[in-house]
Each structure stands twice: as structure tokens, then as C-alpha cells.
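[1] Model the following, please.
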Amino acid sequence: AGDAEQDGDVAEGVSEAAGRSWLAASAGVLVPLSTDAALGAALQHAGLRRAGSAPPATARLAVRYAASEDLRLAAELGYGLVERGGFLAAGVEASPGDPRLVARLGYQWRGRGEGVGGLAGLAAGGGVRLGSLGLDYAWQPFGDLGSAHRFSLGFRGD
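    Residues are numbered from 1 along each chain as shown. Reported below is the predicted structural model:
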């Protein structure tokens, strides 16, 4: 956390496996509550309806807490604006020994039976930071439907 509020916005292309794609935007703000805690809010993937469908817009409110230099906790409340459903999520991020390497584990509860079985809702992954660049990986099972592997490359200009 820092002394000042941080905000950001993103223009993006959203594409689904079903072959649909949209132009969308995301915006958010992160407000430090103390040196160890922060509150965040975001609107993600907001865009115009096209051909009877819309991008998967989501409103999110989250809190993060740095329990120690090597351990961070987060909790999130969200609402899918298109699918009209809420969710709760919690996660932990650890960087034992080297702050450039992180391991993550989280769970998202949607409150309704999705009927996909297995470990749906769980996510695990990690990342590496090299200066301003970051590479992240996440694995998310979807029960009987299979699993997703997500990679992201980020840049943080401080």
C-alpha cells in the first residue's frame, strides 16, 4: 500500500471460446486503508451489446491485507452484470524466500449449483516479477468441463 489512491483503466478486446468477441473497457481504483490493507473497486469488461450478447461485465469490491512481508490475503464480493449473479472469493498469495516469486491459491463461490462437479471454483498459480515486468500463470478447473490455463504478461510503471 502507499499514501495515495491508485486508479487505472483499460481498453480491451474480449473473446470467448464460443467465437464471440467484443470491444470492452475496465476501470478500477485502489484505496490504501493502512500500510497493510487496501480496498479496491472495479468494473471489468464493460461494453455494448452486439448481436444479442454482451461482454461478461462484472462489478467487484475487494479488500487485501498483507499479513506479513511474505503472505498476503484477499477477499472479494462481485456481481456479474450480464449473467445477473453474485459471487464471493478469497485467496492467499505467498512469496517465501524471494519477493520476485509468488504462489497463489484461491476459491470462488457462486452460490448456485453450476452442475459441473469436480474442483470448480478453485484456482492455483504463480508468478515471477523481473523489474517492471511480470509473468503470471493460473490453473482453474471447471469440473467435468475440463480446466483453463491462463497466462498474463504485465508491466507496472512506478
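[2] how far away is the spatially closest residue to residue 24 that is not a sequence neighbour from residue 58?
    Leaving aside its chain neighbours, residue 24 sits nearest to residue 47 (3.6 Å; criterion: Cβ to Cβ, 6 or more residues apart in numbering). (C-beta placed from N, C-alpha, C; glycine too.) Relative to residue 58, residue 47 is positioned 12 Å away (Cβ to Cβ, to the nearest Å).
[3] what do you get for residue 100?
    With Cβ to Cβ as the criterion, residue 100 and residue 58 are 30 Å apart.
[4] same question, residue 50
    When residue 50 is compared with residue 58 (using Cβ to Cβ), they lie 18 Å apart.
[5] about what we covered before: the residue nearest to residue 24 contacts residue 55, correct?
    Yes: if you go by Cβ atoms under 8 Å, residue 47 and residue 55 touch, sitting 4.1 Å apart.
[6] who's more crowded, these two?
    Remark: of residue 47 and residue 55, residue 55 carries more neighbours, 26 against 18, as counted by other Cβ atoms under 10 Å.
[7] From the structure, what's the count of residues near residue 106?
    That count, for residue 106 with other Cβ under 10 Å as the rule, works out to 19.
[8] Which SSE is immediately downstream of the helix-or-strand element of the chain with minimal mean pLDDT?
    Every helix and strand in the chain was compared by mean pLDDT, DSSP states H and E; the lowest is strand 6-15, with a mean of 53. Toward the C-terminus, strand 6-15 is succeeded by strand 21-32 as the next helix or strand (DSSP states H and E).
[9] mind listing what that next one pairs with, with the direction of each?
    strand 6-15 (antiparallel), strand 37-46 (antiparallel) (DSSP bridges).
[10] No further questions, thank you.
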